[in-house]
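Asker: Next input, structure requested:
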Amino acid sequence: MTTRSAIRNFLVELKWRLVGLLGKLFIDLLFSTIKIESRGLEKVRELIDSRKNVFALWHSRILPFSYLYKGHGSAIMVSASEDGEIIARILERQGQKPVRGSSKKGGMKALEKIVEAMSAESPDPGTVIPDGPQGPRFRVQKGVVLLARRMGRPIVPVTYGAGRGVVFRSWDRFILPLPFTRCRIVYGDPVHVSPDADEDGIELKRKELEKQMRRLTEEVDAHFGHKTP
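Answerer: The predicted structure follows:
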C-alpha cells in the first residue's frame, strides 16, 4: 500500500468514526429532551431480559429503540449500502453489533453472521428490520421468521409514535421526533415460530407479524392524533 493510499484510507475511516460519534451524540441529546413512555413491555420484559429473542422493527421507527437499548449488544442486520454505513457506525457507538447485508444482497451471509452472534458463548439478541433496506415499506420479509425458526427464539415486534416529528420524503417515511415532544414505544405479542415450520408455516408467521406490526403502528399514531404516513 502506498503512502497516499494509506492516508486516504485513514481519512475515510476518520470520517466514518466521526459520523458514528456525532450521530450518537445527536441522538443522545435529542432524546434527553423527550419523554418516552412504553406500552406492552410488561408482557415481554422477562423474555427481553433473558436475551433470547429477536426484535423486529420498521425501518422508519428505529430511533427510540436504538436509544433505549444502548449497550444491549444486539446483532442488527444493516444494509451494505453507504446509507447503511452511517447507521452501522452509529449503532456501533451505541453498543450494538451491526451485521452488514440485506435480503437483496448478501442476505444469507448476514443471516449466518447474526446466527453466529446469537449462538456465541455470551448469546446476544437479534434485531431485524423486516421492511429494510429499501422496502416495500411496512412489508415484512421472511428473513426475520427464518432467523426465529433457526434459533428457536420468539420475535418481539416493536414500534413507536411521536407527538410531534418530521416525516422525511424517503421511501420509508422516516420519522424524526422533535425536541421536547412525547414518544410512545409499543411492544407487541411475541410471535413463536415452530422449528418444524415449512414454507406455508413461514408465510403464515410472516403475515401474522406484519399484521400485528401494522396494527400497532396505526394505533400508536392514532394515539397522537396522526394518520400513519
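Asker: Helix or strand with the lowest mean pLDDT in this structure?
Answerer: Least confident helix or strand, the chain: helix 107-118 with a mean of 77, by mean pLDDT, DSSP states H and E.
Asker: Mind jotting down where the helices sit in the chain?
Answerer: 3-32, 45-50, 63-68, 82-93, 107-118, 143-151, 199-223 (DSSP state H).
Asker: rewinding a little: which helices and strands does the least confident helix or strand of the chain pack with?
Answerer: strand 75-78, strand 97-100, strand 126-128, helix 143-151 (3 or more C-beta pairs under 8 Å, 6 or more residues apart in numbering; DSSP states H and E). The C-beta positions use only the backbone N, C-alpha and C, and glycine is treated the same way.
Asker: same thing but at 7 Å, please
Answerer: Contacts defined by 3 or more C-beta pairs under 7 Å, 6 or more residues apart in numbering; DSSP states H and E place helix 107-118 against strand 75-78, strand 97-100, helix 143-151.
Asker: List of residues touching the first one?
Answerer: Strand 75-78 is contacted from outside by 84, 87-88, 91, 96-101, 110, 114, 117-118, 124, 126-129, using C-beta atoms under 7 Å, 6 or more residues apart in numbering.
Asker: redo that, cut-off 8 Å
Answerer: 84, 87-88, 91, 96-102, 110-111, 113-114, 117-118, 124-129, 132-133, 143 (C-beta atoms under 8 Å, 6 or more residues apart in numbering).
Asker: And for the last one?
Answerer: Contacts of helix 143-151 from elsewhere in the structure, counted by C-beta under 8 Å, 6+ apart, are 54, 56, 77, 103, 107, 111, 114-115, 118-119, 126, 128, 130, 154-155, 191-195, 197, 202, 205-206, 209.
Asker: Any quick PyMOL command for the buried ones out of the residues you listed?
Answerer: Selecting only the buried entries of the contacts of helix 143-151 in PyMOL, with 16 or more other C-beta atoms under 10 Å as the criterion:
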select buried, resi 54+56+77+103+107+111+114+115+118+126+128+130+154+155+191+193+197+202+205+206+209
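Asker: for this structure, longest strand please?
Answerer: Once the chain is assigned using DSSP state E, the strand that runs over the most residues is strand 155-162.
Asker: Which strands or helices does it pack on?
Answerer: When contacts are defined as 3+ C-beta pairs under 8 Å, 6+ apart, strand 155-162 sits against strand 54-57, helix 63-68, helix 143-151, strand 182-187, helix 199-223.
Asker: let's go with 6 Å and repeat that
Answerer: The contact analysis (3 or more C-beta pairs under 6 Å, 6 or more residues apart in numbering; DSSP states H and E) places strand 155-162 against strand 54-57, strand 182-187, helix 199-223.
Asker: do you know which of these lies nearest Phe138?
Answerer: Phe138 lies closest, by C-beta to C-beta, to one member of the helices and strands packed on strand 155-162: helix 199-223, at 5.7 Å.
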